[in-house]
Structures are given as C-alpha cells and as structure tokens.
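what's the 3D shape of this:
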Amino acid sequence: MVNVTIQSICAMPSWRSGKRRPANTVAKVGHNSWPDAAMREVARTRIRLLRREWPAFQVCGYTGLVFAIALGLFVAGKTGLALWVISVIAMAAMATFLLLAFATKIITGEEQLIYYHQEIAIMLVSALVARLLHRPVLPYVDVTILGVGTFLAFGRIGCLMVGCCHGRPCAWGIRYTRDHARQGFPPYLVSVRLFPIQALESLFVFAVVIAGTIAVLQGRPAGTAFALYTVGYGSVRFCLEFFRGDSDRPYTFGFSQGQWLSLWLMCGVVWAELTGRMPFHAWHGAVTLSLPLLMLMVAVWRKFDRTESFLIHHPQHVSEVAGAIDSLSDFCRLLESERIPDTIPVARTSTGFQISAGNIHGDKHVPAHFTISRHGGHISGKAAANVADLILQLKPESTRRELIPGTEEGVFHLVLEPVRMNGDRS
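You can find the predicted model right below:
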C-alpha cells in the first residue's frame with residue numbers, strides 16, 4: 001500500500017543549493033543493442049499464421065498439447081503400453097485442466113492458470129484412471145508427467161510472449177508494450193526491462209522432459225521418469241522463483257507458493273522411494289534435503305542484509321514503488337501547473353520507505369530528482385542505492401543516476417537524467 005502526502009520544504013537540500021557531496025553514478029545500458037531487437041520480436045501478443053492473427057498464448061498452448069499427446073503415444077508405443085489407455089488418460093487430463101480452470105474462475109472471479117495446481121490434479125486423475133482400467137499406475141504416470149512437462153515448456157514460451165509469469169526488473173531483459181497491458185500485463189511495467197525467466201524455465205523443462213523420455217525408453221524401472229521430473233523440475237523451479245516478478249503470488253514466511261509446493265512434492269517423492277513404493281535414487285534425497293538448508297541460509301541472510309534487497313525487490317514492493325512514482329509524477333505536474341512554492345509530495349510504501357519527487361529548474365541536465373528516506377528509521381547507503389536502482393529501472397526514459405547523501409543522516413537524493421528520442425542525452 002502506498003500513502004502519498006504533501007509536505008513543505010523548510011530547507012533546501014545541499015545538492016540543490018550547489019554543495020554537491022560525492023555521488024554514485026551508474027550508466028544505463030543502451031536501448032538499441034541486438035538483444036533488444038530480438039526481444040522485441042519475441043514480445044508480441046499475436047502470431048500470424050495461415051493469413052490470420054492468433055493469440056500467441058493460445059498458439060503456444062495448442063502446440064504444446066499436440067506435442068504432448070504425440071510424445072505420450074510415441075513413448076507408449078515404444079514401451080508396449082496400451083495406446084487406448086494413453087488416449088483415455090489424455091482426454092481425462094484435458095478435461096481436468098478445463099474443469100479446474102473453470103472452477104478457479106468461479107471461485108476467484110478471474111481466469112488463473114496455476115501450473116502446480118494443474119499438475120497435481122492431472123496426475124491424481126491420471127493415476128485414478130489407470131487404476132480404474134486395471135493397469136499398473138507408475139508406467140502410465142511416467143508417460144503422463146512427460147506430456148505435462150512438454151505442455152508446460154511450450155506454455156512458458158507463450159508466457160514469454162504475452163508477459164505473464166514475468167521476471168523482475170533487470171539491467172537486461174525483455175520489455176513489454178501497452179499492447180500487452182491491454183491484455184492484462186501490469187501497466188506500471190510497460191517498457192521496463194524484465195528478466196526473461198519464462199524462457200529459462202522453458203529450456204530447463206525441455207531438458208528434464210528429454211532426460212525422462214530417455215530413461216523410459218532405456219527401460220528404467222517404472223516411476224523413474226515421474227521422480228526425475230518432480231525432483232529435477234522442482235529444484236529448478238524453487239531457484240527460479242527468486243527471479244519471478246508477478247506481484248499477485250502468495251508468499252509464506254518469505255517464500256512463494258511455488259517454492260513451498262516444489263519442496264512438498266519433492267518430499268513426497270523421497271518418502272515414496274524410502275518406503276519402497278518407487279525406485280530409490282540417493283541423489284533425489286540429497287537434492288530435496290538441500291532445499292530446507294537453502295531456505296534457512298536465505299532467511300538468515302535476509303535477516304542481516306543491510307542492503308534490504310529482499311524487501312526492496314519483492315514483487316509486491318516493486319508495484320508499490322511504481323505506484324509511488326506515478327502518484328508523485330501526477331502531484332509534481334499539478335504543483336507545477338498551480339505554481340505552489342516550496343511544496344513536494346511524499347509517498348510511503350508498506351515497508352516504510354519514503355520517496356519524494358520534484359523538478360529542478362535552471363539545469364537542463366538535471367530535470368528530475370527523488371529523495372529517499374525511511375519513516376521512523378534509518379536507511380543505509382546500500383539500501384538507498386537499491387531503491388535508487390529500482391527507481392531507475394522503473395523509469396526507462398532515464399539513462400543515468402547520481403545518488404547523493406543529504407545533509408541529514410539517512411536521507412539520500414537521487415538525480416536522474418533523461419534520454420532524447422534519438423538516444424542523446426538532453
């Protein structure tokens with residue numbers, strides 16, 4: 001939550017009165033490199049096929065479905081599984097996917113596709129179908145999870161194109177447009193560089209699916225592919241969650257729902273292996289055990305981290321800072337038009353960070369500034385630098401910054417310099 005108030009300035013900060021303290025200056029990456037051009041080609045909401053334009057996410061989803069079914073039939077044919085049983089499981093999986101999506105929309109009031117919810121439901125239904133048809137569960141579960149992974153890998157490509165499940169603001173990455181915002185992408189992240197986490201996840205999932213397919217074709221014990229996928233994807237997903245930037249993700253004790261589900265599913269596999277229900281693999285237990293240890297290390301690091309990186313770059317806090325910047329900009333325009341002297345707006349985030357903004361007159365090279373502080377507490381220079389970097393990332397029209405300590409302890413002044421449309425500084 002962002003609170004915006006109006007405060008009067010009783011004294012001019014040192015950098016406005018001409019007494020400049022040592023400054024940190026960071027240049028921003030240019031906008032015209034070839035990776036930017038490639039990312040612009042990828043970031044599109046529609047794909048032209050057969051002389052028509054189709055929604056990109058749906059095209060990727062249907063492509064993933066076709067490849068998933070084809071892979072399932074191929075593996076089943078090579079391993080002697082009944083093709084008709086695989087077909088029934090595929091239909092049951094599609095029905096489960098649609099029913100769960102429909103139920104989620106009724107309950108939440110909006111359309112949501114949460115991968116782990118879908119995976120768990122589909123795997124339970126697939127196991128139930130195999131049991132009802134008097135077939136061994138594990139071989140068919142192996143084939144099903146490989147199909148689910150294939151569908152996910154293509155689906156993440158669709159996410160990359162349309163902007164859902166996006167990464168966090170980054171010095172290099174993909175930038176989305178207002179066209180994406182009209183389709184549901186957060187407007188405050190339009191033109192902001194975001195880490196292409198969806199592409200990275202897609203590559204990892206493809207790799208895990210290939211490894212699982214090879215394991216099945218080599219005649220490994222039934223359940224090997226399912227365990228490999230659950231542990232392999234779960235561990236990768238756990239780590240990638242640290243780079244996810246969508247703000248509506250639920251967090252518990254500082255870790256996302258995806259991280260907790262990854263851990264519990266991996267623990268379930270290890271338990272099944274230890275009790276003899278699935279083939280045992282020692283490395284599965286080692287990888288699973290490493291996650292709670294990693295969580296403990298991360299929690300301790302966050303507790304004593306003076307840069308406050310976790311709080312500042314948390315997706316929900318990023319949305320608050322973006323909202324603060326928009327509110328401050330609106331107030332600055334209002335104050336400028338009404339010519340109210342010595343008055344600036346101040347925004348406060350839920351974590352206590354205070355940001356004020358204003359325009360600087362008389363120097364075309366210093367057109368805007370922000371003041372960073374903390375309500376009822378002290379902010380370190382490293383934490384202020386993190387906030388400054390975030391503001392710079394959320395203002396893609398700015399090319400460089402100077403972070404200057406104020407006359408009061410715990411107060412820092414951020415000076416931005418914009419870029420002309422042709423790439424030259426103004």
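
So what does residue 50 have for phi and psi?
phi 50, psi 40 (degrees, to the nearest 10).

Before we move on, what's the pLDDT of it?
Listed pLDDT for residue 50 reads 81.

What is the neighbour count of it?
By other C-beta atoms under 10 Å, the residues close to residue 50 number 6. Placement of C-beta: from N, CA and C, glycine included.

any idea how far it is from residue 59?
11 Å (C-beta to C-beta, to the nearest Å).

Break the protein down into its domains, please.
The chain breaks down by automatic domain parsing into domains covering 3-30+311-418, 34-308.

any idea which of those scores lowest on pLDDT?
When mean pLDDT is averaged over each of these, domain 3-30+311-418 scores lowest at a mean of 69.

Okay, and the beta partners of the residue positioned nearest the centre of the chain?
In the chain, the centroid-proximal residue (C-alpha atoms, centre = their mean) is residue 244; its distance is 2.2 Å. Under DSSP bridges, the beta-bridge partners of residue 244 are residue 167.

That one against residue 167, yeah?
Yes. In this structure, residue 244 is within contact of residue 167 by C-beta atoms under 8 Å, at 6.5 Å.

Can you work out which residues contact both of these two?
Residues touching both residue 244 and residue 167 (C-beta atoms under 8 Å, 6 or more residues apart in numbering): residue 197.

could I have stretch 155-168 exported to PDB, CA atoms only?
The C-alpha coordinates for stretch 155-168 follow below in PDB (Å, rounded to 0.1, in the frame of the first residue of the first chain):
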ATOM      1  CA  GLY A 155       3.300 -22.800 -22.400                       C
ATOM      2  CA  ARG A 156       6.200 -20.900 -20.900                       C
ATOM      3  CA  ILE A 157       7.100 -19.700 -24.400                       C
ATOM      4  CA  GLY A 158       3.600 -18.300 -24.600                       C
ATOM      5  CA  CYS A 159       4.100 -16.600 -21.200                       C
ATOM      6  CA  LEU A 160       7.300 -15.000 -22.500                       C
ATOM      7  CA  MET A 161       5.500 -13.600 -25.500                       C
ATOM      8  CA  VAL A 162       2.500 -12.200 -23.700                       C
ATOM      9  CA  GLY A 163       4.100 -11.200 -20.400                       C
ATOM     10  CA  CYS A 164       2.500 -13.400 -17.800                       C
ATOM     11  CA  CYS A 165       4.700 -15.200 -15.200                       C
ATOM     12  CA  HIS A 166       7.300 -12.500 -15.900                       C
ATOM     13  CA  GLY A 167      10.600 -11.900 -14.200                       C
ATOM     14  CA  ARG A 168      11.800  -9.000 -12.100                       C
END
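
Name the surrounding residues that touch it.
Under C-beta under 8 Å, 6+ apart, the answer for stretch 155-168 is 42-45, 47, 55-61, 64, 115, 173-174, 176, 180, 183-185, 189, 194-199, 201-202, 205, 243-246, 313, 315, 318.

Mind doing that once more with 6 Å?
Residues external to stretch 155-168 that are found in contact with it (C-beta atoms under 6 Å, 6 or more residues apart in numbering): 44-45, 56-57, 60-61, 64, 176, 180, 185, 194-195, 197-199, 201-202, 243, 245.

Check stretch 195-204 too.
Stretch 195-204 is contacted from outside by 153, 156-157, 159-160, 165, 167-168, 170, 173-174, 236, 240, 243-244, using C-beta under 6 Å, 6+ apart.
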